[in-house]
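Colleague: Generate coordinates for the sequence data below:
(2 chains)
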Amino acid sequence: MKTVIKTTDLSKVYTETAVPVHALKNVTLEFKQGEFTAIVGPSGSGKTTFLNVIGGLDKPTGGNVVIDGVDIATMKESKLFDFRLRHIGFVFQAYNLIPVLTAVENVSFIMLLQNRPKAEMEERAKEMLEQVGLSDKLDVRPGKLSGGQQQRVAVARALASKPDFVLADEPTANLDTESAFNLLDIMAKLNREENITLIFSTHDQRVIERARRVITLVDGAVATDEHFERN
Amino acid sequence: MKTLIKISWRNIWRNRSRSITIITALILGLMGGVFSASMRLALEEQQFEDTIDNQISHIQLHHPEFIANPEAQYYIKGGLEIASELSDRDDIIVASPRAVVDGMIASANMSSGVRIKGIDPEIEARTTGLDELITEGTYFSENGRLPSVVIGQALADNLNSGVGSRLVLTFQDIEGEMVSSSFRVEGIYKLTSKSFEERMVFVNFPDLNRIIGENDIVTEIAVVIENPDDYRDVAGIISGLYPNTKVRHWADLQPALYYSLEVLGEALIWILIIIIMAVSFGLLNTILMSILERVRELGVLLSVGMKRRKVFSMIVAETTIIAIIGGVIGLFMSWGMIEILGNTGVPIPGAEGLEDFGYASVLYPRIETAFYFEIAVVLVFFAVLASIYPAWKAIRLQPAVAVRQE
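Modeller: Prediction:
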């Protein structure tokens, strides 16, 4: 399988505090196409920092992050914007939809930034909303959707542009059990059908039980890296 | 671009009451600015019309000694020819030759000090529009037994005289001897300035010259120029052409008026600047608040790959749209306001006493159409300027931090 992300000796030190904080310590990992990975660990273990660094939202202090053959650790910020736009999908804990746009507009938004043709954009957005079970909410704004529905729109938005991989930071943290299971079913299905690499940071046991790979970070370092056979 | 504007538009209406408040502030600010400008223009026009157009004209020529000693002996040599030459110039509309002397006017039971102006009625009509100021009687159209005099309403009241009354004018002739002659009031004129009405009387040029004792004595030439803004240049040219005369433009003749208009103009600019600055700061505050309220949302936009310059443009577009909405409504309402007040007039409280100084008690505001466009451009410019700081704040957000902001 094709390697989507490869990190080598990745480290991140925050020096803004009186005592430097080593958020990541020599993290070397590889993520293959179509993997469904959960990054777990206690608070402060470096999960979010790791996602930020591999998502190009934060720069590592050392090491490199190679995505699609390109080391984004040394990439200029202006190029990183474009790189994120074309290669990475994001799902946030608090959904973070654009409140003034409807569901279909939210899903189309990234494709719009990519300058995709309008017809293709609309078709794909509708298709994605259908896949997440929201074909009846196309023209509804986020404020009128439940938390679970908003997060499903967020997943549709992240996947609609067919990124190389999707980073989801605690995506089920704000959801009730039923909504969380529903969302995980959808993401697992999309992972299979679209062969998109999914990487979650999570505390949620429900997510961990679904993941085919579970990486445990402790104090910024990889403690365990386990693979499971799951559907 | 279309989506960017769509998002900006919808963002504006997320907090409807706040946007309406700032748009209302814009509208009121604009109306205030336009009203100030229109009143200034009305006052300037009234002052120009009353003082410059109806009284002193743009430029005056005298014998240099006449200014200190307004006597017939200090006349302009070749005055009629000079007036004729000036009238032929392209930059001059008309030049009115006058014989001017100071003297007394007396009715049966009252007398008063006056300045007597001997005029060519036809030329004077084109110079000061005196014929149109006549409210009673006629304008030098009768050939009675006594020569005609046209006096101001205030003087007529003081002398307890009216049209047809016989008045006696007394002044020095060319030899410095006191001479008197009877005149009949043919017309009474009315101006804003009561002091002018009390002081200026008009007679026929030949009638006055006959009494002065010389033919064609011209002691003053009043000049109306084609482009009033060029008064300094034209005065300079005339001065060069006729070095033996003292040439003064209206700002020399009425320095108080000149400075009051200058100060008023300057004050108006500052009033407009303050209004626009106040509105711009209000706009800046509104947009800044809206930015601070949606840090997380902006973080998402930056995270997913929306370029900083697009985020910047979105914020600028929001501000510009608000400015355009407020600007269009504000200009439309300002136009309506000026249309109404331009007809009804705006009474100036307490200005009745200032009429002696040539200030009208009712002003009729008006504004040039170009001003609406100018102020609209200035408004949008300041709105864009006001949006730069909030937009700059927005693009400096760190996406990884912003998306987690509560």
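Colleague: where in the chain is pLDDT low?
Modeller: I went with chain A, as the question did not name one. A:231 (pLDDT under 70).
Colleague: my bad, chain B
Modeller: Chain B contains residues with pLDDT under 70 at B:350-359, B:406.
Colleague: what residues does chain B put near chain A?
Modeller: Counting by CB under 8 Å from any CB of the partner chain, the positions of chain B adjacent to chain A are B:3, B:7, B:10-11, B:14, B:296-297, B:299-308, B:310, B:399-400, B:403-404. (Each C-beta comes from the backbone N, C-alpha and C, glycine too.)
Colleague: Just the buried ones out of those residues, please.
Modeller: Using 16 or more other CB atoms under 10 Å in any protein chain shown as the burial test, the residues of chain B next to chain A include B:7, B:10-11, B:296-297, B:299-308, B:310, B:399-400, B:403-404 as buried.
Colleague: Just those residues: which are in strands?
Modeller: Among these, no member falls in strands (DSSP state E).
Colleague: Which of the three states applies to the most centrally placed residue in chain A?
Modeller: Among the residues of chain A, the one closest to the centroid is A:L167, at 1.3 Å (CA atoms, centre = their mean). Three-state assignment for A:L167 (DSSP: H, G, I helix; E, B strand; the rest coil): strand.
Colleague: Show me what it bridges to in the sheet.
Modeller: Counting by DSSP bridges, A:L167 forms beta bridges with A:F90, A:I199.
Colleague: so it makes contact with A:I54?
Modeller: Yes. A:L167 lies in contact with A:I54 (CB atoms under 8 Å); the separation is 7.0 Å.
Colleague: Can you check which residues contact both of the two?
Modeller: By CB atoms under 8 Å, 6 or more residues apart in numbering or on different chains, A:L167 and A:I54 have these common neighbours: A:I199.
Colleague: which stretch of helix or strand covers the residue of chain A found nearest chain B?
Modeller: Here chain A gets closest to chain B at one residue, A:L85, 2.6 Å apart by CB to the nearest CB. Secondary structure assignment for A:L85, by DSSP states H and E: helix A:77-87.
Colleague: Quick one: residues in contact with that helix.
Modeller: With contact meaning CB under 8 Å, 6+ apart, helix A:77-87 is reached by A:55-57, A:67-68, A:70, A:72, A:75, A:110, A:113-114, A:161, A:163-165, B:302-308.
Colleague: swap in stretch A:51-67?
Modeller: Residues beyond stretch A:51-67 that count as contacts (CB under 8 Å, 6+ apart) turn out to be A:4-13, A:24, A:26-28, A:39, A:49, A:71-75, A:80, A:83-84, A:87-88, A:90, A:164, A:167, A:169, A:199, A:201, B:303, B:399-400.
Colleague: Which stretches in chain A count as helices?
Modeller: For chain A, applying DSSP state H gives helices covering A:47-54, A:77-87, A:103-113, A:118-131, A:147-160, A:177-194, A:205-210.
Colleague: okay if I get the ones you listed as CSV plus distance to B:L61 and mean neighbour count?
Modeller: What follows is the helices of chain A, written out as CSV (distance: least, CB to CB, whole Å; neighbours: other CB atoms under 10 Å in any protein chain shown):
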stretch, distance to B:L61, mean neighbour count
helix A:47-54, 84, 25
helix A:77-87, 71, 17
helix A:103-113, 74, 25
helix A:118-131, 75, 17
helix A:147-160, 82, 25
helix A:177-194, 94, 17
helix A:205-210, 98, 16
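Colleague: Tell me which of those sits nearest to B:S38.
Modeller: helix A:103-113 (45.2 Å; CB to CB).
Colleague: residue closest to the middle of chain B?
Modeller: Geometric centre of chain B, nearest residue: B:E44, 1.6 Å, by CA atoms, centre = their mean.
Colleague: Quick check: residues of chain A near chain B?
Modeller: Within reach of chain B by CB under 8 Å from any CB, chain A has these residues: A:48, A:52, A:55, A:57-58, A:78, A:81-86, A:88, A:90, A:92-94, A:96, A:98-101, A:105, A:109-110, A:112-113.
Colleague: same thing but 6 Å
Modeller: Taking CB under 6 Å from any CB of the partner chain as the contact definition, chain A meets chain B at A:52, A:57-58, A:81, A:84-85, A:90, A:92, A:96, A:100, A:110, A:112-113.
Colleague: Identify the farthest-apart pair in those residues.
Modeller: So, the residues of chain A next to chain B by CB to CB: farthest apart are A:D58 and A:V100, at 27.7 Å.
Colleague: how about the residue of chain B found nearest chain A, what does it touch?
Modeller: Closest contact between chain B and chain A, by CB to the nearest CB, is at B:G305 (2.6 Å). Contacts for B:G305 (CB atoms under 6 Å, 6 or more residues apart in numbering or on different chains) come out as A:F81, A:R84, A:L85, A:L113.
Colleague: Having no further points to raise, I will conclude here.
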